[in-house]
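Participant: Build me a model from this:
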Amino acid sequence: MLVELAQTDRLEELRVLPTPRVVPDIVDEEMQQGKARYPEQYARYAAALANGVLEVRVLLGTTAYDEYLQLRRIRTSPAHNRGEDACVALAITIPGSVVYTNETRVAKACLALGDPARVRRFP
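Facilitator: Down below sits the predicted model:
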């Protein structure tokens, strides 16, 4: 969802969501990897970080990273869905947090969080 919002210049719309609005460092790394190929999208993302719309959370060394590793173990393709798994892992460790998505396949996130109400679509 983050990439789509950056593509369409809609990251500021995230301000309507409660804080903190966190991005796992794994997702941040993916965004940085696309910096040269998609400079406008990355600039929008960087501005959202600088303006306090989003904040990056480091997973390594936290219980969220342990959850992330568990989610990754069941993946058949190690290169896919890293960002999604990182978001879900972070949400597992933050009580009451919500994962916002625009994807139609949210069953895994619902199952991992144990509460379908914690997985929502962002308009």
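Participant: rest of the way, CA atoms for contacts and neighbours
Facilitator: Fine.
Participant: which residues touch the residue sitting nearest the centre point of the chain?
Facilitator: Residue closest to the average C-alpha location in the chain (Cα atoms, centre = their mean): C87, at 4.2 Å. Counting by Cα atoms under 8 Å, 6 or more residues apart in numbering, C87 makes contact with V23, P24, V99.
Participant: Let me see the backbone angles for T62.
Facilitator: phi -120, psi 170 (degrees, to the nearest 10).
Participant: any idea how far P39 is from the residue nearest to the centre of the chain?
Facilitator: Going from C87 to P39 by Cα to Cα, to the nearest Å gives 23 Å.
Participant: still on that earlier bit, could you say which helix or strand contains the residue nearest to the centre of the chain?
Facilitator: helix 82-93 (DSSP states H and E).
Participant: ok so, going back, quickly note the distance from the residue nearest to the centre of the chain to L5.
Facilitator: Distance from C87 to L5, by Cα to Cα: 16 Å.
Participant: T62: what's it in contact with?
Facilitator: By Cα under 8 Å, 6+ apart, the contact set of T62 is empty.
Participant: What separation is there between it and P24?
Facilitator: T62 is 12 Å from P24, by Cα to Cα.
Participant: I'd like the next helix or strand past the lowest-mean-pLDDT helix or strand in the chain.
Facilitator: Least confident helix or strand of the chain, by mean pLDDT, DSSP states H and E, is helix 107-113 with a mean of 74. The helix or strand immediately downstream of helix 107-113 is strand 119-121, counting by DSSP H and E.
Participant: And that next one, how far out from the chain middle?
Facilitator: 12 Å (Cα atoms, centre = their mean, to the nearest Å).
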